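Participant: Structure of the sequence below:
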Amino acid sequence: MGLVLGAALLAAAAAIVGGARQQAEKPRILAAGVGLHSGASQQAPAERPLVDAVFVLDTTGSMGGLLEGAKRHIWSIASRLASGQPRPDVRIGLVAYRDHGDTYVTRHFDLDGNMDDVYKNLVAFRAAGGGDNAEHVNKGMQVAIDSMAWRQGKKVLRQIYLVGDAP
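Facilitator: Okay, here's the model as predicted:
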């Protein structure tokens with residue numbers, strides 16, 4: 001279910017970033033070598049869209065055969081978000097969750113604009129534990145909502161993507 005949800009959210013994210021792309025694709029006046037005179041007005045550079053996205057990922061043992069594919073989908077969505085035009089200011093956060101009694105219930109990496117660090121943290125997640133209790137999806141979501149350093153303001157797109165194999 002989570003992988004299907006991830007694909008649907010990728011399409012939604014592409015539409016959102018694509019919408020920003022369509023709004024920003026206006027003719028630009030180039031100042032160098034095109035005969036501008038002193039009275040010509042120039043457009044200000046487009047404001048970069050602000051995007052904060054957190055991926056909440058099930059890392060219990062039941063995800064063993066699915067986790068690598070889920071991480072590829074997460075990276076694909078994160079990369080797609082970062083490739084919008086005008087180029088958005090994207091920060092990605094990660095929350096992994098398991099069961100009570102496992103090595104951890106949640107492990108998170110706060111919102112970060114350094115995609116190299118995000119990728120390093122994402123690929124380090126491993127499936128383990130689980131099997132004794134239902135995955136603690138609610139705790140993972142709580143961490144995503146309450147513990148991340150979300151940017152404030154009306155001009156910030158804030159998203160949470162839930163990726164897992166349990167309801």
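
Participant: In this structure, what residue spans correspond to strands?
Facilitator: Along the chain, the segments classed as strands by DSSP state E run 50-58, 89-97, 106-112, 156-163.

Participant: and residue 152, how far is that from residue 140?
Facilitator: Residue 152 sits 23 Å away from residue 140, going by CB to CB, to the nearest Å. (Each C-beta comes from the backbone N, C-alpha and C, glycine too.)

Participant: out of the two, which sits in the more crowded spot?
Facilitator: Just comparing residue 152 and residue 140: by other CB atoms under 10 Å the higher neighbour count belongs to residue 140, 27 against 8.

Participant: Contacts only, for residue 105.
Facilitator: 97-99, 136, 139 (CB atoms under 8 Å, 6 or more residues apart in numbering).

Participant: let's see it at 10 Å
Facilitator: 96-99, 129, 135-136, 139-140, 143 (CB atoms under 10 Å, 6 or more residues apart in numbering).

Participant: and if you look at residue 151?
Facilitator: By CB under 10 Å, 6+ apart, the neighbours of residue 151 are 50-52, 89, 91, 111, 157-158.

Participant: cool, residue 145 as well?
Facilitator: 54, 56, 95, 158, 160.

Participant: Just give the number of residues close to the spatially closest residue to residue 89 that is not a sequence neighbour.
Facilitator: Leaving aside its chain neighbours, residue 89 sits nearest to residue 48 (4.7 Å; criterion: CB to CB, 6 or more residues apart in numbering). Residue 48 is flanked by 14 other residues according to other CB under 10 Å.

Participant: Roughly how far does residue 48 sit from residue 157?
Facilitator: Taking CB to CB, one finds residue 48 at 12 Å from residue 157.

Participant: And residue 126, by the same measure?
Facilitator: 30 Å.

Participant: Have a look at these two and say which one is more surrounded.
Facilitator: residue 157 (17 against 13).

Participant: follow-up on the earlier one: and the contacts of residue 105, which is closest to residue 117?
Facilitator: For the contacts of residue 105, the closest approach to residue 117 (CB to CB) belongs to residue 96, at 15.4 Å.

Participant: list the contacts for that closest one?
Facilitator: 55-60, 63, 67, 104-109, 121-122, 124-127, 140, 143.

Participant: roughly how far apart are it and residue 83?
Facilitator: From residue 96 to residue 83 the distance is 25 Å (CB to CB).

Participant: got it, and residue 123?
Facilitator: 20 Å.

Participant: Might one say that residue 81 is in contact with residue 92?
Facilitator: Yes - shown here, residue 81 and residue 92 form a contact pair, counting by CB atoms under 10 Å, at 7.8 Å.
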